[in-house]
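Student: Attaching a predicted model along with its sequence, questions to come.
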Amino acid sequence: MPRRLIVLLTVLLLASAASAQNWFGVRSGYPLGVTVHYGAGNALANGADLRVSARVVVGPSGSASFGVGVDALVDVFADGPIGAYVGGGPSLEAGGGRVDLDVHGLIGGAFRFTDLGLAPLSVFLEANLGAAISLSGGTARIPTFGAAVGFNWDF
């Protein structure tokens, strides 16, 4: 992984540590894989959150790929325990002899368990649409699709 990307992600994480609202989460979906992420509220601007992710995806042939990504997220609706957001960002995926740069947009919705006394816990659904450009000489994949369900813990 390029050293500059690691430095950039580290700086963004450290800068966001002072944010008022942070969260940690895990998600899975299509393509089949597991993603862990850390988010920081208002880290990019007032109302624009930053989410940094690391994931492992299993391909149809059983091969695995690994990726890191960042997303900017903006709330578009919030009413009690229900909220919706939009966002997007880039990610780098490596595996199966490929290195891809993926750029995507996403839409999602979340439900907080406030009525059950578990205000820090929420469940969310998310869908994304993007394009993956090969940095290793392979063919581009346009469009790319994804969907996920996951849990966040706010702190």
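Tutor: Nice, I can see it. Computed from a prediction, not measured in an experiment: that's the story for all the values here.
Student: Which residue is the nearest non-sequential neighbour of residue 140?
Tutor: Leaving out its chain neighbours, the residue that sits closest to residue 140 by Cβ to Cβ, 6 or more residues apart in numbering is residue 133, at 4.9 Å. (C-beta placed from N, C-alpha, C; glycine too.)
Student: Tell me what that neighbour is bridged to.
Tutor: residue 101 (DSSP bridges).
Student: Any idea how many residues pack against it?
Tutor: Residues lying near residue 133 (other Cβ atoms under 10 Å) number 13.
Student: Show the contacting residues for it.
Tutor: 100, 101, 102, 103, 140 (Cβ atoms under 8 Å, 6 or more residues apart in numbering).
Student: let's see 7 Å
Tutor: Residue 133 sits next to 100, 101, 140 when contact means Cβ atoms under 7 Å, 6 or more residues apart in numbering.
Student: can you pick the most crowded of those?
Tutor: residue 100 (22 neighbours).
Student: How much space separates that one from residue 69?
Tutor: 11 Å (Cβ to Cβ, to the nearest Å).
Student: Now the common contact residues for the two.
Tutor: By Cβ under 7 Å, 6+ apart, no residue touches both residue 100 and residue 69.
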